[in-house]
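Novice: Give the three-dimensional model of this entry:
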Amino acid sequence: MSAAPPIDLSAIPESQRAAVLAVLRERDALRETNRRLEHLIAELNQVVHGKRSEKLNDDERQLAFEDLEAAVAEVEARQEAAAPLGTPPRRAARRNRGHLPAGLPRIERVIEPNSLLCPCGCGEMHRIGEDRAERLDIVPAQLRVIVTIRPKYACRRCADGVIQAPAPAHLIEGGLPTEGALAHVLVSKYADHLPLYRQSQILARAGVVLHRSTLADWIGTAAFHLGPVVDRLTEHLKRSDKLFMDETTAPVLDPGRGRTKTGYLWALARDDRSWGGGDPPGVVFTYAPDRVGENAERILQGFDGILQLDGYPGYNRLTRPSRTGGAPIIVAHCWAHARRKLKEIFDRDGSEIAAEGLRRIAELYQIEAEIRGMGPGQRLSARQARSAPLVAAFGEWLQAQCRRISAKSRLGEKLAYIHRHWDGLQTFLRDGRVEIDSNSVENLIRPIALTSKNALFAGHDEGGRSWARIASLVATAKVNGVEPFAYLKATLEAVAAGHPQAQIDDLLPWNFKPSS
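Specialist: Below is the predicted model of the structure:
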């Protein structure tokens with residue numbers, strides 16, 4: 001659309017020039033607003049679809065989304081404010097996005113007209129209906145003091161003694177926190193990634209001065225009492241026929257050297273939802289000060305079955321006849337890791353060989369998308385009929401490329417990685433319960449990385465162990481659709497009340513019911 005010709009103000013009566021100038025200023029402001037909106041939308045598209053987005057990690061990409069979407073909303077709000085009266089709001093559809101659960105408490109406010117008398121003098125009008133509108137309100141965390149009063153009673157006629165109800169049991173006897181307060185600190189740190197010093201600052205704004213060392217003491221006490229629940233969770237997972245395993249770094253303060261060292265959280269996970277397995281999903285984290293393979297061997301003592309994992313050589317000892325703690329494990333390697341190796345080369349130099357490998361892997365993932373949710377028998381039949389020929393052809397192609405390309409080149413190294421794990425990459429063709437990749441466990445350990453980034457590091461190896469224990473229960477609650485705070489509060493209350501060890505299964509996250 002061509003720009004409008006300039007207006008000659010000298011041709012306009014002087015009495016009307018001010019109004020015309022105001023309209024022109026509004027037009028110019030609207031044009032500037034539209035230009036900014038177009039620029040923001042272009043940046044948002046770049047983050048979503050541009051090549052640069054592949055260089056951002058998930059947290060950085062989400063941060064870009066949040067800030068750009070907030071800026072777009074600001075521009076749209078400015079446009080609405082400048083629109084003539086009576087113009088329908090452009091953002092009406094967006095304002096009501098979201099779902100308000102039926103379980104949230106409703107506080108009804110009835111707004112009555114100033115008068116119910118009929119304007120024509122007929123008398124008082126009667127109610128014929130109503131309009132209802134629901135909006136989400138948020139009340140910041142409320143601090144309160146629970147005062148427990150235990151009256152004492154004595155007989156006026158005799159001196160046989162005084163009676164009084166026993167004091168309720170608490171996890172920290174004589175301490176300040178209720179089990180609800182403990183659960184809040186645990187969830188804030190391990191689910192919402194809020195370090196203790198920030199929690200201490202938030203509490204101080206409400207007038208409650210609690211040093212982070214006090215909060216740390218609460219966490220250590222809770223972690224100790226929750227230990228048997230985590231141990232039982234581990235036992236349940238190890239009884240499975242198929243598990244995932246992965247490890248992620250956990251920076252830990254090294255007091256002797258005045259800096260941090262690298263510890264590791266090893267994740268052992270079960271997730272059979274993709275093929276309708278009856279066992280609930282779960283994950284257990286185990287802290288270790290290093291990444292040596294003996295840690296995996298120790299963690300997996302008592303487990304015999306299929307283990308889905310990446311290509312880390314430390315796992316090789318698990319497949320040997322000399323394996324400690326069980327029979328040799330069947331390994332299922334991860335096609336997502338194989339794909340990443342080729343993707344690195346393609347992104348760097350646009351290699352046609354890497355592109356061909358990516359195309360072949362994409363065909364396998366297309367089949368997996370189509371059979372997701374089917375039973376293991378159906379998945380196995382589909383894989384043997386459709387995926388096995390593709391994998392065989394990939395193997396022949398891989399062999400040919402390995403012969404052509406120097407093993408010392410970057411591409412040669414990536415192809416050699418895939419070749420070394422070729423047998424494990426075919427395990428999914430022999431068992432319908434096995435996944436094509438280990439993305440399930442990677443999704444479970446991603447919040448751990450965010451916690452370490454926000455908390456900077458664990459203060460000690462023992463802190464790493466507490467971290468692993470609480471993170472296991474929080475992550476398992478989440479993956480089972482259980483609200484972590486409600487679960488931890490109820491579990492801590494049950495432990496404080498002396499929950500019987502013989503019924504510890506009742507305290508596992510997947511057995512939690514809000515009314516329990």
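Novice: Now R132: phi and psi?
Specialist: R132 adopts backbone torsions of phi -120, psi 140, taken as degrees, to the nearest 10.
Novice: Show me which parts of stretch 366-376 are buried, residue by residue.
Specialist: 367-368, 371, 374, 376 (16 or more other Cβ atoms under 10 Å). In short, each C-beta sits where N, CA and C put it, glycine included.
Novice: Where in the protein is the helix or strand with the lowest mean pLDDT?
Specialist: The helix or strand of the chain with the lowest confidence, counting by mean pLDDT, DSSP states H and E, is helix 92-95 at a mean of 45.
Novice: Beyond that one, next helix or strand please.
Specialist: strand 152-154 (DSSP states H and E).
Novice: That following strand: how far from the chain's middle?
Specialist: Its chain's C-alpha centre and that of strand 152-154 lie 53 Å apart, by Cα atoms, centre = their mean, to the nearest Å.
Novice: and if you look at stretch 183-195?
Specialist: 13 Å.
Novice: May I have it as CSV, with CA atoms only?
Specialist: Taking C-alpha atoms only, stretch 183-195 is exported to CSV below (Å, rounded to 0.1, in the frame of the first residue of the first chain):
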residue,chain,number,x,y,z
ALA,A,183,7.5,-30.0,52.2
HIS,A,184,7.4,-26.4,50.9
VAL,A,185,11.1,-25.9,51.3
LEU,A,186,11.8,-29.3,49.6
VAL,A,187,9.5,-28.5,46.6
SER,A,188,10.8,-25.0,46.3
LYS,A,189,14.4,-26.2,46.0
TYR,A,190,14.1,-29.5,44.1
ALA,A,191,11.0,-28.9,42.0
ASP,A,192,11.0,-25.1,41.5
HIS,A,193,14.8,-24.8,41.5
LEU,A,194,14.8,-22.1,44.2
PRO,A,195,18.1,-22.1,46.2
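Novice: how much space between H337 and A362?
Specialist: 15 Å (Cβ to Cβ, to the nearest Å).
Novice: Who has more neighbours out of those two?
Specialist: H337 (20 against 10; other Cβ atoms under 10 Å).
Novice: Would you mind naming the helix or strand containing that one?
Specialist: Per DSSP H and E: helix 335-349 holds H337.
Novice: So for that helix, what gets flagged as buried?
Specialist: 335-339, 341-343, 345-346.
Novice: try stretch 318-338
Specialist: Neighbour-count burial for stretch 318-338 [16+ other Cβ under 10 Å]: 318, 323, 329-338.
Novice: Which two among these are spaced furthest apart?
Specialist: In terms of Cβ to Cβ, the buried residues of stretch 318-338 reach their longest pairwise distance at R323 and A336, which sit 25.8 Å apart.
Novice: Tell me the helices and strands packed up against the helix or strand where A222 lies.
Specialist: In this assignment (DSSP H and E), A222 forms part of helix 212-238. With contacts taken as 3 or more Cβ pairs under 8 Å, 6 or more residues apart in numbering; DSSP states H and E, helix 212-238 sits against helix 179-190, helix 196-205, strand 259-270, strand 282-288, helix 461-479, helix 484-496.
Novice: Dump the ones you listed to a markdown table, plus mean neighbour count.
Specialist: What follows is the helices and strands packed on helix 212-238, written out as a markdown table (neighbours: other Cβ atoms under 10 Å):
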| stretch | mean neighbour count |
| --- | --- |
| helix 179-190 | 22 |
| helix 196-205 | 15 |
| strand 259-270 | 21 |
| strand 282-288 | 25 |
| helix 461-479 | 23 |
| helix 484-496 | 21 |
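Novice: Where among these is average confidence lowest?
Specialist: Between these, the one with the least mean pLDDT is strand 259-270; it has a mean of 82.
Novice: Direction included, what does it pair against?
Specialist: strand 242-254 (antiparallel), strand 282-288 (antiparallel) (DSSP bridges).
Novice: can I get the CA coordinates of the longest one in PDB?
Specialist: This points to strand 242-254. The C-alpha trace of strand 242-254 is given here as PDB (Å, rounded to 0.1, in the frame of the first residue of the first chain):
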ATOM      1  CA  LYS A 242      13.700 -53.100  31.300                       C
ATOM      2  CA  LEU A 243      15.100 -49.800  32.600                       C
ATOM      3  CA  PHE A 244      16.700 -46.600  31.400                       C
ATOM      4  CA  MET A 245      20.000 -45.200  32.800                       C
ATOM      5  CA  ASP A 246      21.800 -42.000  32.300                       C
ATOM      6  CA  GLU A 247      24.000 -39.600  34.300                       C
ATOM      7  CA  THR A 248      24.300 -35.900  34.600                       C
ATOM      8  CA  THR A 249      26.800 -33.600  36.200                       C
ATOM      9  CA  ALA A 250      26.200 -32.100  39.600                       C
ATOM     10  CA  PRO A 251      28.700 -29.400  40.600                       C
ATOM     11  CA  VAL A 252      29.800 -29.900  44.200                       C
ATOM     12  CA  LEU A 253      31.900 -27.600  46.400                       C
ATOM     13  CA  ASP A 254      35.300 -28.900  47.200                       C
END
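Novice: residue ranges with poor pLDDT in the stretch 151-300 of the chain?
Specialist: 252-260 (pLDDT under 70).
Novice: what's near enough to touch S438?
Specialist: 244, 246, 308-310, 334, 336-337 (Cβ atoms under 8 Å, 6 or more residues apart in numbering).
Novice: so what's the closest residue to it other than its chain neighbours up against?
Specialist: Nearest residue to S438, sequence neighbours excluded (Cβ to Cβ, 6 or more residues apart in numbering): C334, at 4.3 Å. Contacts for C334 (Cβ under 8 Å, 6+ apart) come out as 308-311, 425, 437-439.
Novice: For C334, what are phi and psi?
Specialist: phi -100, psi 120.
Novice: Report the separation between it and Y190.
Specialist: 26 Å.
Novice: What of A393?
Specialist: From A393 to Y190 the distance is 46 Å (Cβ to Cβ).
Novice: and the contacts of C334, which are buried?
Specialist: 308-311, 425, 437-439.
Novice: Out of the residues you listed, which comes closest to D506?
Specialist: D506 lies nearest to Q308 out of the buried ones among the contacts of C334, by Cβ to Cβ, at 29.6 Å.
Novice: I'd say the closest one and S240 touch.
Specialist: No - using Cβ atoms under 8 Å as the test, Q308 is too far from S240 to be in contact (11.4 Å).
Novice: Please spell out which residues along the one helix or strand L415 maps to are buried.
Specialist: According to DSSP H and E, L415 maps onto helix 410-420. Buried residues in helix 410-420, counted by 16+ other Cβ under 10 Å: 410-412, 414-416, 418-419.
Novice: Those into a markdown table, with extra columns for pLDDT and distance to S381?
Specialist: Shown next, in a markdown table, are those (pLDDT from 0 to 100; distance: Cβ to Cβ, whole Å):
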| residue | pLDDT | distance to S381 |
| --- | --- | --- |
| R410 | 91 | 39 |
| L411 | 92 | 35 |
| G412 | 92 | 36 |
| K414 | 92 | 32 |
| L415 | 94 | 31 |
| A416 | 94 | 33 |
| I418 | 94 | 26 |
| H419 | 94 | 28 |
